[in-house]
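Visitor: predicted model and sequence below, questions to follow.
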Amino acid sequence: MAEYLIKNGFVFDPVQGINGDKKDIAIKDGKIVESVGASAKVIDASGKTVMAGGVDIHAHVAGPKVNVGRNFRPEDKRLVAYEPGKGIKRMSGGFSVPTTFKTGYKYAGMGYTTVMEAAMPPLYARHTHEEMRDTPILDQGAYPVFGNNWFVLEYLKNRELENTAAYIAWLLRMTKGFAIKNVNPGGTEAWGWGLNCTSVHDPVPYFDITPAEIVKGLIEANEYLKLPHCMHVHSNNLGNPGNYETTLDTLKLAEGISAKNDFGREQVLHHTHVQFHSYGGTGWGSFESKAKEITDYINSQKNISCDIGFVTLDETTTMTADGPFEHHLCELNHLKWANTDVELETAAGVVPYVYSPDIFVCGIQWAIGLEIALLAKDHMRFHLTTDHPNAGPFTRYPRVMKWLMSAKARDEMFAGMKNEDKVRDRTGLGAMDRELSLYEIAQMTRAGTA
C-alpha cells in the first residue's frame, strides 16, 4: 500500500467543520492519517478543491430493471458516442442507462467513490450483486424492497412486530442488503390487480392493510432492529398534480418516533426523490410547485432526511418499482412501456421520457428541485440526486451544482424556456437569489450522504 500527501488544496470537510481551509491531506494504506513518511508520493493540489469522495445515496445502476432499460432502449446508446477502450479502461457507452463500465468511469471522473442501488428485488439479489461487482472503481450497496412483500404485509396486518423484524433481518442477511426500501407502499401490490394506492389510507387489495400502516410498521421494525440506516420511502401518488398532500401525510407518520441505534443516526425516515412528490394543482393545466410546503416540513423535523431528484431537462429513461406509475406515464406520453413483476415482492416499469424546457410542466419540475435545495436549512439532510436516470442521468450532477451555486445560471435557463413567465409564476425559484457554497455542496454529496 502506498503513502500519499495531497498538498496546498482548499479542503472542504463539513464533518470536521473545515470550510475551504488550505491544508495538506496525508493518506496511508487507504486511510487519512496525521502524517506520512518522506517517501510518500506528493500530489500538488494548489488552486484546487479537495473533498472526500462523493456518495450517491439513491441511483438505479444495477439489477433487473436497469437491464430491461438497456435492452429496451437501444436508441439511448446513440445519444452519446461509445468510448473506446484505452489502457486499463474497457469500451463503454450509453447515456441515461450506461454500461457498467461507463457507470464506474463517469462516477469516478466526477469524484464519486460510492453509489447505492435504490431498489433491489430480493429474488434478483444475486444478479444485482453480480452487476455491481462488474462495475469498476465504485463501492456499491443495494436497498432490498419490502413495502409490497407478501410476508411483510401479512405480518404487519397482524401487528406482528417481532416476526416482521425477524423476516427483514433474515432477508437483509441473505441478500446482503443495506437498508429497508419501501416503494409506493401497497400500491405496487395493488398493481397486480390493475389498481393503485394513491393515498396513505387506500386499502391494499386482499391484504386489508393501508400504506400508512406499512410505512409506520416498517419504521418500527427498522428501529426494533437498530439498523445503521433509517427506512427509505418512495411515497404513494408519485408524479401526480396535488400529490404534496400525500407526501405530507406520509412524512407525518414519523412524528414522535425517535431513532434507536448505536450509530448516532437521528433519522427514522428518509424520503426519496422528493421533487417528484412536491406537486400542487388539480390537474396538468393548474400544475404548480409546492416545494415550500414540503421543505418547510422537513426543515422542522430532525428525524427526517430526503434526496431531491433534480430534473435535468434531458431525454432519459424512467424506471421504478412503482409499476402503476410507469403505466400511467406511458398513457401520458404515448411512448413505449415495459412492465416487470417479481412475484411476492414488487413490480417495475420502464418508460422513455423527454423533459423539454419548452413544456411548462417540465420547467416547473426543474424549478421545484432547485427550490427545495435552496430552501433547505440543513444540507446534511437534503441530498443531491437525480434519481438516476428518472429525472436525468447522474452525469449531469456538475450541471445541477452549477444551478445551485449560480443565480445567473438559473436565469439563463429561465431565458431559454418558451413558457418562462408561467414557470416563474408557478414556482418560487425566480425570486430566489441564494447561491449555495462548496461547503453546502459537500454536505449534500459527501458528509450528509455518508
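Guide: On my side now, so go ahead. Numbers count the residues shown, from 1 in each chain.
Visitor: how confident was the prediction at the spatially most central residue of the chain?
Guide: Residue closest to the mean C-alpha point of the chain, counted by Cα atoms, centre = their mean, is residue 58 at 3.0 Å. Residue 58 carries a pLDDT score of 98 in this model.
Visitor: test my guess that it contacts residue 383.
Guide: Yes. The pair residue 58 and residue 383 qualifies as a contact (Cβ atoms under 8 Å) at a distance of 7.5 Å. For the C-beta atoms, the positions are set from N, CA and C on the backbone; glycine is no exception.
Visitor: dump the helix or strand containing residue 142 to PDB, restricted to CA.
Guide: Assigned by DSSP states H and E, residue 142 falls within strand 139-144. Provided in PDB are the C-alpha atoms of strand 139-144 (Å, rounded to 0.1, in the frame of the first residue of the first chain):
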ATOM      1  CA  ASP A 139     -18.100   0.800  -3.800                       C
ATOM      2  CA  GLN A 140     -21.700  -0.200  -4.100                       C
ATOM      3  CA  GLY A 141     -24.600  -1.400  -2.000                       C
ATOM      4  CA  ALA A 142     -28.300  -2.000  -2.500                       C
ATOM      5  CA  TYR A 143     -31.600  -1.500  -0.800                       C
ATOM      6  CA  PRO A 144     -34.000  -4.500  -0.900                       C
END
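Visitor: joint contacts of residue 58 and residue 383?
Guide: In terms of Cβ atoms under 8 Å, 6 or more residues apart in numbering, residue 58 and residue 383 are both contacted by the residues residue 307.
Visitor: which SS class is residue 42?
Guide: What DSSP: H, G, I helix; E, B strand; the rest coil gives for residue 42 is strand.
Visitor: what bridges to it?
Guide: Applying DSSP bridges to residue 42 yields these beta-bridge partners: residue 5.
Visitor: so it sits against residue 5, correct?
Guide: Yes. When contacts are counted by Cβ under 8 Å, residue 42 is listed as touching residue 5 (5.0 Å).
Visitor: quick one: which of the two has more around it?
Guide: residue 5 (19 against 13; other Cβ atoms under 10 Å).
Visitor: need the contact list for the more buried one.
Guide: Residue 5 touches 24, 25, 26, 27, 36, 40, 41, 42, 43, counting by Cβ under 8 Å, 6+ apart.
Visitor: also residue 435?
Guide: Contacts of residue 435 by Cβ under 8 Å, 6+ apart are 404, 405, 406, 407.
Visitor: just the buried residues from those residues, in ChimeraX please.
Guide: Of the contacts of residue 435, the buried ones can be selected in ChimeraX as follows, counting by 16 or more other Cβ atoms under 10 Å:
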select :404,405,407
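Visitor: show me the contacts of residue 435 that map onto helices.
Guide: Members of the contacts of residue 435 lying in helices (criterion: DSSP state H): 404, 405, 407.
Visitor: want to try JSON lines for those residues, with distance to residue 166 and pLDDT as columns?
Guide: Putting the ones in helices among the contacts of residue 435 into JSON lines (distance: Cβ to Cβ, whole Å; pLDDT from 0 to 100) gives the following:
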{"residue": "404", "distance to residue 166": "43", "pLDDT": "98"}
{"residue": "405", "distance to residue 166": "47", "pLDDT": "98"}
{"residue": "407", "distance to residue 166": "52", "pLDDT": "98"}
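Visitor: now those as a markdown table including distance to residue 256?
Guide: Converted to a markdown table, the ones in helices among the contacts of residue 435 look like this (distance: Cβ to Cβ, whole Å):
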| residue | distance to residue 256 |
| --- | --- |
| 404 | 33 |
| 405 | 37 |
| 407 | 39 |
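Visitor: how far away from the center of its chain is the strand holding residue 142?
Guide: Remark: strand 139-144 is offset 12 Å from the chain centroid, using Cα atoms, centre = their mean, to the nearest Å.
Visitor: cool, and stretch 165-185?
Guide: Using Cα atoms, centre = their mean, the offset of stretch 165-185 from its chain centre is 18 Å.
Visitor: likewise for stretch 11-20?
Guide: 24 Å.
Visitor: mind listing what's buried along that stretch?
Guide: 11, 12, 13, 14, 18.
Visitor: got the CA coordinates for the strand or helix carrying the first one in PDB?
Guide: For residue 11, the enclosing helix or strand under DSSP H and E is strand 3-13. This file holds the C-alpha atoms of strand 3-13, laid out as PDB (Å, rounded to 0.1, in the frame of the first residue of the first chain):
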ATOM      1  CA  GLU A   3       1.500   6.700   1.000                       C
ATOM      2  CA  TYR A   4       0.300  10.000  -0.500                       C
ATOM      3  CA  LEU A   5       0.500  13.600   0.500                       C
ATOM      4  CA  ILE A   6      -2.100  16.000  -1.100                       C
ATOM      5  CA  LYS A   7      -0.600  19.400  -0.600                       C
ATOM      6  CA  ASN A   8      -1.900  23.000  -0.800                       C
ATOM      7  CA  GLY A   9      -5.500  22.300  -1.700                       C
ATOM      8  CA  PHE A  10      -8.600  24.100  -0.400                       C
ATOM      9  CA  VAL A  11     -10.200  21.500   1.800                       C
ATOM     10  CA  PHE A  12     -13.900  21.100   2.500                       C
ATOM     11  CA  ASP A  13     -15.000  18.700   5.200                       C
END
